[in-house]
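> pasting the sequence and the predicted coordinates here, then a few questions.
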Amino acid sequence: MRYIPMTEQDREAMLASMGLASVEELFGDIPEHLRTAGALDLPPALSEAELIRHMKALAKKNTNLEDTVSFMGGGVYDHLVPAIIKHLISRGEFLTAYTPYQAEISQGVLQSIFEYQTLIAELTGMEAANASMYDGATVLAEAALMACNATRRDEVVLPANLHPEWKEVCELYLRNQNVAIKYVPYLEEAGTIDFAALQSLDPKSLACVVVQQPNFFGLVEDVEPISEFIHGGGGLLVMAVDPISLGLLKSPGEYGADIVVGDGQSLGNTMNFGGPSLGFFATTEKLVRRMPGRIVGETVDADGRRGFVLTLQTREQHIRREKATSNICSNQALNALAAAIYLAVLGRQGFREVAYQCLQKTAYLRRRLAESTPFKERFTAPAFREFVVTGQVDWEEANRKLLAEGFLGGLPLKRFGMPDAALFAVTEARTKQEIDRLVELLGGMSR
Amino acid sequence: MKNKTGVPLLFEISSPGRRGYRLPELDVPEVPVEELIPSKHLREQEPELPELSEVEVVRHFTQLSRLNHGVDVDFYPLGSCTMKYNPRVNEDVASLPGFAAIHPYQPEETVQGALELMYLLGKYLAEISGLHSATLQPAAGAHGELTGLWIMKAYHEANGEGHRNEIIIPDSAHGTNPASAMMANYKVVQVPSDERGGVDVNALRQLVGPNTAGLMLTNPNTLGLFDENICTIAEIVHNAGGLLYYDGANANALLGIVKPGHTGFDIVHYNLHKTFSTPHGGGGPGAGPIVVSEKLAPFLPWPVVDRQGSRYVLKRPEKSIGRVRSFYGNFLVLVKAYAYIRSHGPEGLRQVSEAAVINANYLMHNLKDLYYLPYDRHCKHEFVLSGKWQKDKYGVRTLDIAKRLLDYGVHAPTVYFPLNVEEAIMIEPTETETKETLDRFIAAMRQIAAEAETDPENLRSAPHFTPVRRLDEARAARQPVLRWTKEAR
């Protein structure tokens, strides 16, 4: 077998050295009737060349977005990914390592996580971050649970304009912990949270209010009054943020957020059909011991030199078992490494420029659609990199036509109960020419 | 302050004005930012990101990588983690644009290859586990456990038995089992091990009852031992109205040899990053698909992939518990696991388990005279020694033995786990190691045992040849420094 170096001679020698006649003896404690009769019903083994041919054939059945121009977002975005990222994260010392349990031979992973934690803390304006978790939806659910534990309350406010899949994930996690969810509606015109509706709730009974920034519709929320409202009642402000937007938008730290989460796909990770990406998680010093997930800390070795270790492990499942802050074990370390490399190579200016270009190019498409097509923008609040368009058109059918022209259009919101609407995203990867062509194609489609 | 290895932090080598990546020039007409977003929403304090050239970033992370151990570097016998070789061709195929550059909301007809792969992987895992239907959504093993427990809960509730609030877990279980039970709001009931290392069947009989929701079990268990009483255990739990959950962390022992579903398990998770060789990336991404019996299939998270004629479609199972994460799971990890299964075929997978079990027994056989072996019987893919002889006689602890192993260029085994073995040393060699590597490890362990007698201080102060020496974990926890700050330097 390709990856099993044991030769027939090795096998015989090893078995003989143990006084065994056959490998069967090693399985002798398994009752005969439990043993699988015959071979597994699986296709026969492929050689490397055959495997590559087969996998290429499967991949070819998918329309890839290297050859198609994407205006689709809704949580996963076609941003530029610097070439160095895939080379660096493919280094075997990173790629083939487990969780850094033996710190002395894991300084590479540990220091890179320490740097990642710092970068996330800087982006979010928070005091501490963990080493990453699964994705944006699950970190939000964990954040809401943490808020409940920290406040000893069991009611959570989610905004109706939160990503619909994140809502579903939160519902599953919270329902099973007997936490009640209250949805606060969004303003029909603006598309942002209806603050008056929020104010009708008693903040003293709420563990937290969640704000997604920008929200699912791509709109910028006015967070300041929400922060004052929830803190006035002793609850926590949880923000779910798009990391790219933090190149321009006020940081959660500046708003006084207590827990900040988000999906880090935009930070140097390819789209991957939605996974793997990473969930980032940041909080205040005060709450850090309630944070789920791995955390790396700085320390010194026996000679007094700087080094890094997994720390505050008494929060974790392998020590605390059923008293842990979460059950998480594996996280998304390699994706977090990609995010750290991304932020390092973009740097201070480059990162701000990505956000700036997203904003400008999105604004350009908004203007062009308004000028040249009958489509209307659905909401009036400021948009960052995404916005909702409505019009008398079957958006799924429109997307089929766009695909024929080499474009992946906006996300039809029919599946989320808005049949007239589509959510368009424009990243820095799009060009003026592509935007103009999209406008031209859409102009010919409205009924 | 610099460490001996001379890799300063990113922030310490930053130089104002330096850039590492150039964006294309902005080609659309610009509008002042404040006209698009009111200034009250704009950031006042800029994030302290480093300013570096591309070559500096490449060297920084390359230098960091050289401080790290991986399967690619040398032996990694970390018990229960199945650190086998990760085939590089699987990385290549997973990075094809047809897999890596597709959006989760593309129309179904434009992702038929991705859906086909997921459909087939689900079928293969069902065949390997002897169960009915799979979800590929869980992002890791612990996430699979939680998903399985939510399914268990939904099933009992659908039967009007929502009062079942207890999960039974052996004392040898992985920490994720009780933590997952807690996340699903179950009460954890611990069942002790018997003198052969398996579940104490008599104790189990006393523990089950009308509140039993289910039992979580790893088989072979964390001692690397197959629980011979599995049929009795299943009968006891099922008769009490509970379900059996299989923690697949140790599935590398039984591929094509035993199907967990045929031994009474109702729900099985697989760690694709263990058994099916997808690289663990220094902590993740993993993937923890679960496979369930027919009666539990309606409760699976949605969406699942189904085939309608020649088309693959996403659909929602009738009584679905909902979504456990966004989209469809760690898809690229699924691609690599699929490629691994296709590379091995049925015969290959069986040989994986046979070789893994031979290797583990070979190591055990050659070490048990010098290290205490609490359960002296054939093991499966891993085994657990105890450092108690060294501790009692020479005051050398398992931690010291583990740290000294690092000086030999290999990763240490899992230590101090399972909890029911004092000074535990849990060793899993996997099938991808040569006999020469195993012999080298045996020699190292034997030399360390000798050194415990002749020079115990050298063990207590180990490691000596690693990039840093033993690190002060207590200090890290007592005075947490969790990030770099501008002010602190």
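Looks like it arrived, so ask away.

> so, low pLDDT: which residues of chain A?
A:1, A:446-447 (pLDDT under 70).

> domain assignment for it?
A:69-81+A:348-443, A:84-342 (automatic domain parsing).

> any bit of the helix or strand where A:E122 lies sitting next to chain B?
Using DSSP states H and E, A:E122 sits within helix A:107-124. Yes. Between helix A:107-124 and chain B, judged by CB under 8 Å from any CB of the partner chain, the touching residues are A:107-109, A:111-115, A:117-119, A:121-123. Bear in mind the C-beta positions are built from the backbone N, C-alpha and C, glycine included.

> I'd like those residues laid out as a markdown table, including neighbour count and distance to A:L162.
Below are the residues of helix A:107-124 next to chain B laid out as a markdown table (neighbours: other CB atoms under 10 Å in any protein chain shown; distance: CB to CB, whole Å):
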| residue | neighbour count | distance to A:L162 |
| --- | --- | --- |
| A:Q107 | 28 | 39 |
| A:G108 | 29 | 37 |
| A:V109 | 32 | 33 |
| A:Q111 | 28 | 35 |
| A:S112 | 32 | 31 |
| A:I113 | 28 | 28 |
| A:F114 | 25 | 31 |
| A:E115 | 27 | 30 |
| A:Q117 | 27 | 26 |
| A:T118 | 24 | 28 |
| A:L119 | 29 | 25 |
| A:A121 | 24 | 24 |
| A:E122 | 27 | 25 |
| A:L123 | 30 | 20 |
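
> now do the strands in chain B.
Assigned by DSSP state E, chain B shows strands spanning B:133-135, B:166-170, B:187-191, B:212-217, B:243-246, B:267-269, B:290-292, B:304-308, B:311-315, B:383-386, B:414-415, B:424-427.

> pick the most buried one from the ones you listed.
Greatest average neighbour count among the strands of chain B goes to strand B:290-292 (a mean of 32), per mean count of other CB atoms under 10 Å in any protein chain shown.

> now that one, how far from the centre of its chain.
In terms of CA atoms, centre = their mean, to the nearest Å, the centre of strand B:290-292 is found 17 Å from the chain centre.

> contacting residues around that strand?
B:122, B:125-126, B:129, B:131-135, B:138, B:144, B:147-148, B:151, B:261, B:266-270, B:299-300 (CB atoms under 8 Å, 6 or more residues apart in numbering or on different chains).

> one more time with 6 Å, if that's ok
B:125-126, B:129, B:131, B:133-135, B:144, B:147-148, B:267-269 (CB atoms under 6 Å, 6 or more residues apart in numbering or on different chains).

> what's the answer for stretch A:246-253, then?
A:L123, A:T124, A:G125, A:M126, A:M239, A:V260, A:F351, A:R352, A:A355, B:H41, B:R43.

> let me see the contact set for the last one.
Applying CB under 6 Å, 6+ apart to B:R43 gives the contacts A:L249, A:K250, A:S251.

> quick revisit: make JSON lines out of the strands of chain B and add mean pLDDT.
Formatted as JSON lines, those follow (pLDDT from 0 to 100):
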{"stretch": "strand B:133-135", "mean pLDDT": "98"}
{"stretch": "strand B:166-170", "mean pLDDT": "97"}
{"stretch": "strand B:187-191", "mean pLDDT": "97"}
{"stretch": "strand B:212-217", "mean pLDDT": "98"}
{"stretch": "strand B:243-246", "mean pLDDT": "98"}
{"stretch": "strand B:267-269", "mean pLDDT": "98"}
{"stretch": "strand B:290-292", "mean pLDDT": "98"}
{"stretch": "strand B:304-308", "mean pLDDT": "97"}
{"stretch": "strand B:311-315", "mean pLDDT": "98"}
{"stretch": "strand B:383-386", "mean pLDDT": "98"}
{"stretch": "strand B:414-415", "mean pLDDT": "97"}
{"stretch": "strand B:424-427", "mean pLDDT": "98"}
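
> TSV for those strands, including distance to B:L204?
Formatted as TSV, the strands of chain B follow (distance: least, CB to CB, whole Å):
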stretch	distance to B:L204
strand B:133-135	28
strand B:166-170	7
strand B:187-191	5
strand B:212-217	8
strand B:243-246	12
strand B:267-269	18
strand B:290-292	23
strand B:304-308	33
strand B:311-315	38
strand B:383-386	22
strand B:414-415	26
strand B:424-427	23
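
> how about the nearest residue to the most centrally placed residue in chain A, chain neighbours excluded?
Centroid check for chain A by CA atoms, centre = their mean gives A:D263 as the closest residue, at 2.6 Å. Once flanking residues are discounted, A:D263 sits nearest to A:G136: 2.9 Å by CB to CB, 6 or more residues apart in numbering or on different chains.

> tell me how many other residues surround the closest residue to A:R2 other than its chain neighbours.
Distance criterion CB to CB, 6+ apart; nearest residue to A:R2, sequence neighbours excluded, is B:S343 at 6.2 Å. Around B:S343 there are 22 other residues, counting by other CB atoms under 10 Å in any protein chain shown.

> again, but for A:L248
20.

> now do B:G282 against chain A, distance only.
Going from B:G282 to chain A by CB to the nearest CB, to the nearest Å gives 4 Å.
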